[in-house]
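Show me how the following folds:
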Amino acid sequence: MTPSDEEFLRAVADVRPLDPPRRLALRPPAPAPLALQRRRDERAALAESLAGRVSIEDALDSGEEFAYAADGVPRQTLRKLRRGHWVVEASLDLHGQTRVEAAASVAAFLSEALAAGRRCVRIVHGKGLGSPNREPVLKALLRKWLPRRDEVLACCQAPAAHGGAGALLVLLKARARR
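Residues are numbered from 1 along each chain as shown. Got it, this is the predicted structure:
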């Protein structure tokens, strides 16, 4: 040992450890709550996406624009619908509705339109500007719902004059004659 080490040991000879602090031990943070409704919604969305008769040939997606023609419906019919060949005879506005309310509204609207003999209708879903993440939730749901409906022959994004990206035109089957 060097003389400086000896000096250090003499200087700290009467040192004793500090008493432990008088603090309470904190509990670990509680785990995040389970989002049960979100899980239910995700399961419902998954089941909804797996059901139905939509195939790649049925749904003609090109970027943001949506178009659908049922089996046996000529492409020319879809082209005419896109160009506004048919007069819009009824309209449904889904702004402010939840997915459950919108599903019921669409089903009732299409049934009433078919019963009244209407062939071309418009469904306004909005652009999603008021939705979380500013995404059009109802637009995506309508893309799934409409092709599954038997009364729907074709549907596509509405031309700008009828709502553009915020609406769909739907061509319905002719009412069965009695």
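
Report the separation between the most centrally placed residue in the chain and residue 95.
What sits nearest the mean C-alpha location of the chain, by Cα atoms, centre = their mean, is residue 137, with 3.5 Å. To residue 95, residue 137 is 12 Å away according to Cβ to Cβ, to the nearest Å. Yep, even glycine has a C-beta here, placed from its N, CA and C like the rest.

Residues that sit against both of the two, list them.
Jointly contacting residue 137 and residue 95 under the rule Cβ atoms under 8 Å, 6 or more residues apart in numbering is no residue at all.

can I assume the residue nearest to the centre of the chain is in contact with residue 99?
Yes. Residue 137 is in contact with residue 99 according to Cβ atoms under 8 Å; the separation is 6.7 Å.

what stretches of this structure score poorly on pLDDT?
48-64, 128-135, 176-178 (pLDDT under 70).

any idea how far residue 67 is from residue 168?
Counting by Cβ to Cβ - residue 168 and residue 67 are separated by 10 Å.

who's more crowded, the two?
For residue 168 versus residue 67, neighbours defined as other Cβ atoms under 10 Å are more numerous around residue 168 (24 against 20).

Which strand or helix spans that one?
Residue 168 belongs to strand 167-172 when assigned by DSSP states H and E.

again with residue 68
strand 65-69.

what pairs with that strand, and is each one parallel or antiparallel?
Next to strand 65-69 in the sheet, as set by DSSP bridges, lie strand 59-62 (antiparallel), strand 152-157 (antiparallel).

And the longest one, how far out from the chain middle?
Between the centre of strand 152-157 and the centre of its host chain there is 19 Å, according to Cα atoms, centre = their mean, to the nearest Å.
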